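**Q** okay, structure incoming, though there's no sequence with it:
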Ligand SMILES: Nc1ncnc2c1ncn2[C@@H]1O[C@H](COP(=O)(O)OP(=O)(O)OP(=O)(O)O)[C@@H](O)[C@H]1O
């Protein structure tokens, strides 16, 4: 008999979160189907709802409406499900008065699948002194400790909320390398939120752009890049576009107009200069669109008819 497909990493159906009865919606009718075995980048502006989505995925908070499953079950449904997910929160919290070694001991007591060899190996690889109190570690060392603890649980899914935000470029590079090594070693999926698009581009093969509580676009990074393009034309030359082209954002500079578009039309058949988009352009395009007409560059209204 063929093996059953692995459960989706994350399945959200109408997922909505409102903090308090009068609070604004932090997530609004979110639908997502994220396959297993991916490294997922969650991007969006401040206040978009990224941490809220990650907290819901870890069972730290409950949805107001809609449903969410993680690895095929309700988040934090029971102890065994908790053990399948490793979470590193935004400020990489550690117990300041406990040493590095005591953190590992605590981890081993609390997690049935704890891998002591993996924990020891990574601690010495990143040069952490087992006797040092966690309160005396630098931001980068704290992040490495938190990553080691999350990975030594041998989870199926690692979730990171802005893991590298406080790290200098070199520490960030090391951290991301370690993260990828863990993902490969564990055969795990990972979700990380970040404002650092370069980091996301480096390690993620799946992207979710979340703005203003809603998913703007989500999908395999390569597919998304292949399905979008940058059109360049003399100013005003993009005012009328063939069917099958969805304008995401448009800018005018000097004599030229440039648009990021989603297109089902083969680029070579378009009567414009067509260039590939970078991930950064794609993400910024969706963020600009979500920010609404008031934030859109002058002339964007010309595109309304094509949407
Ligand atoms: N505990 C809370 N109580 C009330 N409102 C909250 C709470 N947590 C988040 N919010 C609100 O929900 C919205 C989404 O916040 P969230 O922290 O999920 O955004 P984010 O995308 O992670 O932002 P950032 O990039 O700044 O970390 C914001 O408007 C925020 O003020």
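**A** Everything's here; your move. Computed from a predicted structure; not experimentally measured.
**Q** the strands in the stretch 51-200 of the chain, which residues?
**A** 65-70, 85-88, 157-161, 189-193 (DSSP state E, counting those that start in this stretch).
**Q** now, of those, which is deepest in the fold?
**A** strand 189-193 (a mean of 26; mean count of other C-beta atoms under 10 Å). (Each C-beta comes from the backbone N, C-alpha and C, glycine too.)
**Q** how about the strands of the stretch 51-200 of the chain in a markdown table, adding mean pLDDT?
**A** Written out in a markdown table, the entries for the strands of the stretch 51-200 of the chain read as follows (pLDDT from 0 to 100):
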| stretch | mean pLDDT |
| --- | --- |
| strand 65-70 | 97 |
| strand 85-88 | 90 |
| strand 157-161 | 93 |
| strand 189-193 | 94 |
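**Q** save those strands as TSV, and put in distance to the ligand too.
**A** Conversion of the strands of the stretch 51-200 of the chain to TSV gives the following (distance: least, C-beta to the nearest ligand atom, whole Å):
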stretch	distance to the ligand
strand 65-70	14
strand 85-88	14
strand 157-161	7
strand 189-193	7
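**Q** distance to residue 243 added to these, as TSV?
**A** Below are those laid out as TSV (distance: least, C-beta to C-beta, whole Å):
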stretch	distance to residue 243
strand 65-70	33
strand 85-88	44
strand 157-161	40
strand 189-193	36
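**Q** burial of residue 48, as a residue count?
**A** 24 (other C-beta atoms under 10 Å).
**Q** the nearest residue to it once chain neighbours are set aside in helix, strand or coil?
**A** Nearest non-adjacent residue to residue 48, counting by C-beta to C-beta, 6 or more residues apart in numbering: residue 210, 4.7 Å away. Secondary structure, DSSP: H, G, I helix; E, B strand; the rest coil: residue 210 is strand.
**Q** bridged to residue 210, which residues?
**A** Listed by DSSP bridges, the beta-bridge partners for residue 210 are residue 215.
**Q** which residues touch it?
**A** 30, 42-44, 48-50, 53, 216 (C-beta atoms under 8 Å, 6 or more residues apart in numbering).
**Q** go again using 7 Å as the cut-off
**A** 42, 44, 48-50, 53, 216 (C-beta atoms under 7 Å, 6 or more residues apart in numbering).
**Q** residue 40 too?
**A** 34, 190-191, 204, 206, 208.
**Q** in three-state terms, label it for me.
**A** Residue 40 - assigned by three-state DSSP - is strand.
**Q** for it, list each beta-bridge partner.
**A** residue 191, residue 206.
**Q** that one and the ligand, how far apart?
**A** Using C-beta to the nearest ligand atom, to the nearest Å, one gets 15 Å for the distance from residue 40 to the ligand.
**Q** how near is that residue to residue 229?
**A** For residue 40, the distance to residue 229 equals 24 Å [C-beta to C-beta, to the nearest Å].
**Q** and residue 284, by the same measure?
**A** 15 Å.
**Q** what's the answer for residue 135, then?
**A** Distance, residue 135 to residue 229, using C-beta to C-beta: 51 Å.
**Q** give me the angle between the longest helix seen in the chain and strand 189-193.
**A** For the chain, the helix that runs over the most residues, judged by DSSP state H, is helix 169-186. Relative orientation of helix 169-186 versus strand 189-193 (axes from the mean of the first three to the mean of the last three C-alpha atoms, to 10 degrees): 150 degrees.
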